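Asker: show me the folded form of this:
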Amino acid sequence: MRLEELKKAVQNDAALRRRQRLQPAGGPGDKLFPPTYPGDTGPTHVFERRRIDGEDRVCVLIDSVQSQANRLEEALLTAAEADRIRLPRLVVDFPGAGLNSVGRISVLEAPHRIFDAILRDSELSGKPFRDSDLGQALRQATPADATAILQAAPTALLFGAWNSTGEGGGLGAKFARAIVSEVIGVDVPVEETADRRTGEVTLQTAGRRTGSRIDPLGIPRSIEIYKKEGDWGFDDKKLDKGAKKVRPSEVNHGNITPSVDQLGVTCDHALQTQVLTFAGLRRLRFGTDEAKNLAARTWLAALGIVAMIEGNRQGMALRSRCDLVCENGLGPLELVAFDGTTREVEIDADAAVRLHEEAFEVARKAGFTLAPEPVTLKPQDKLVELVRQSREKALADEAGEADGN
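Answerer: Next up is the predicted model:
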């Protein structure tokens, strides 16, 4: 794909999409572990029936739209930090404030992107960020004129953002996602259970997950110990008054009792669907100059293409025991017209980067101020103190301890 072809697609077509079948890295039929969510009887996966190829098929959510967005942002950040692409962004410098363990947090990593509290509670040029010239421009941005966001954090326009903590009690500007990606498992063996009172049918996986641990020290559960916050011992009088009698497992010693949970799935295949909406991009404006609007939208589209391709290039290790690979090579990229017709386009990782850099340069020449280097913010003292106290409490608290031997 060349830049002129992308411009015409942004002007006239509905979307660019990719649908590709995936399999576990361990091979077809290997067990996968999708994300878990709270259920009535404990952690569960998300099951639903979807209409695929004209049939209702039981599917499981393997990677949500929100999770995929984070992975695509990570792919773009990796490409930018490797100097493969030029990408304007904001970065909060926690190491500069003495918090080396936190690192530098980019707008691509902040949960609420350009409107996240991490940026809000930082400062730029000695001013609270929201009171700085840039901060005020971002607060005033709307889809009718998104220039400030395009110049400071274009990925927020791609993946969506909402100024939920802004003026008007959460009525701040909203920017819809321009790119959506999701991974599901198709044809999942399930067990159906019906509520005796309501008759409601619930789907649960037919898979099972086992767990256990043998303690190499052989510590039995019958030994009595006492623990307080951050410490334990055998004599409660030597500990604080709040010390209580516990089993060794509550200080992470001893066996973990074997367990069987209704978790994990197998499926015929996984399906990744990605859609970059050109119709959605056309809702964004950057002034009254239509040539300038087209330059901005084309650059955003090129950035979305890089995200899709870099995301696949970097692999799909979604979580423990959930690695996926393509079934028969990468699925094709298709331009989708309004009449539903499609045509395939060819573009590899290097070509996508070249396309992006051309579109970036056109947008810059159109009059946008696009800094290739990140704008660095300094966390405010109160944010630094909040992080410090949180870290200290986390070190003192005990978490994730097994209950029972």
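
Asker: quick one: T369 is in a helix?
Answerer: No: assessed with DSSP: H, G, I helix; E, B strand; the rest coil, T369 is coil; it does not lie in a helix.

Asker: do I have it right that it meets Q151?
Answerer: Yes: using CB atoms under 8 Å, T369 is in contact with Q151, at 5.2 Å. C-betas here are computed from N, CA, C, even on glycine.

Asker: neighbour count winner among those two?
Answerer: Neighbour count, other CB atoms under 10 Å: between T369 and Q151, Q151 has more, with 22 against 11.

Asker: that one against L370, yeah?
Answerer: Yes: assessed by CB under 8 Å, Q151 is found in contact with L370 at 6.1 Å.

Asker: where do the contact lists of these two overlap?
Answerer: By CB atoms under 8 Å, 6 or more residues apart in numbering, Q151 and L370 have these common neighbours: P88.

Asker: domains of this structure?
Answerer: Using automatic domain parsing, the domain parsing of the chain gives 3-186+264-389, 217-254.

Asker: model confidence score at the residue of the chain positioned farthest from its centre, please.
Answerer: No residue in the chain sits farther from the centre than K237, which is 48.2 Å out by CA atoms, centre = their mean. Predicted confidence (pLDDT) for K237: 80.

Asker: repeat for G103
Answerer: Looking at G103, the pLDDT reads 93.

Asker: any idea how far the residue farthest from the centre of the chain lies from A243?
Answerer: Going from K237 to A243 by CB to CB, to the nearest Å gives 9 Å.

Asker: which residues of the protein fall in helices?
Answerer: 3-12, 65-81, 117-120, 133-140, 147-152, 155-159, 278-281, 290-313, 349-365, 381-396 (DSSP state H).

Asker: most neighbours per residue, which of the domains of the chain?
Answerer: domain 3-186+264-389 (a mean of 18; mean count of other CB atoms under 10 Å).

Asker: shaky segments in the stretch 101-250 of the chain?
Answerer: Applying pLDDT under 70 to the stretch 101-250 of the chain flags residues 165-171.

Asker: recalculate using a threshold of 50.
Answerer: 168 (pLDDT under 50).

Asker: L119 versus the nearest residue to L284 once chain neighbours are set aside, what's the distance?
Answerer: Leaving aside its chain neighbours, L284 sits nearest to A146 (5.2 Å; criterion: CB to CB, 6 or more residues apart in numbering). Counting by CB to CB, the gap from A146 to L119 is 17 Å.
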